[in-house]
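Q: quick one, what's the 3D model for this:
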Amino acid sequence: MRLLRMVALGAAGVVAYRLWKQRQPSRAPVTAYEVDYGDATPPHGDALLGTGSAQFTAEPVVAAAQSSRGFGGV
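A: Predicted coordinates for the structure are as follows:
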């Protein structure tokens, strides 16, 4: 009985979704000012990555105490 109820609710949901989608106004066509060609916003992020000029070195390992009470069991 539970399975039949779940299938019926799923079918009712699909029908309701399709009816809701039909009632939604259609989207206007894309105008020229909405198209993003990538020239308006400069690229962002780390500009050094991928250029080959960045030299990454390993950071030194330093022993330090944990200040959070959730770690260590002390």
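
Q: contacts and neighbour counts: CA atoms only from here.
A: Noted.

Q: shaky segments in the protein?
A: Within the chain, the stretches with pLDDT under 70 are 30-57, 65-74.

Q: at 80 what do you get?
A: 26-74 (pLDDT under 80).

Q: quick one: contacts for R2?
A: Contact analysis of R2 by CA atoms under 8 Å, 6 or more residues apart in numbering lists nothing.

Q: hmm, who's touching stretch 3-19?
A: Taking CA under 8 Å, 6+ apart as the rule, stretch 3-19 contacts no other residue.

Q: and P60, how many neighbours?
A: Counted with other CA atoms under 10 Å, the neighbours of P60 add up to 6.

Q: L4 too?
A: 9.

Q: okay, the host helix or strand of it in CSV with CA atoms only?
A: Secondary structure assignment for L4, by DSSP states H and E: helix 2-23. Extracted in CSV, the C-alpha atoms of helix 2-23 (Å, rounded to 0.1, in the frame of the first residue of the first chain):
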residue,chain,number,x,y,z
ARG,A,2,2.9,2.4,0.8
LEU,A,3,4.5,1.7,-2.6
LEU,A,4,1.2,2.5,-4.4
ARG,A,5,0.8,5.7,-2.4
MET,A,6,4.4,6.8,-3.2
VAL,A,7,3.9,6.0,-7.0
ALA,A,8,0.6,8.0,-7.0
LEU,A,9,2.2,11.0,-5.2
GLY,A,10,5.1,10.9,-7.7
ALA,A,11,2.8,10.8,-10.7
ALA,A,12,0.8,13.7,-9.2
GLY,A,13,4.0,15.6,-8.7
VAL,A,14,5.1,15.1,-12.3
VAL,A,15,1.7,16.2,-13.6
ALA,A,16,1.8,19.3,-11.4
TYR,A,17,5.3,20.2,-12.5
ARG,A,18,4.4,19.9,-16.1
LEU,A,19,1.3,22.1,-15.7
TRP,A,20,3.4,24.6,-13.7
LYS,A,21,6.0,24.7,-16.5
GLN,A,22,3.4,25.4,-19.1
ARG,A,23,2.1,28.4,-17.1
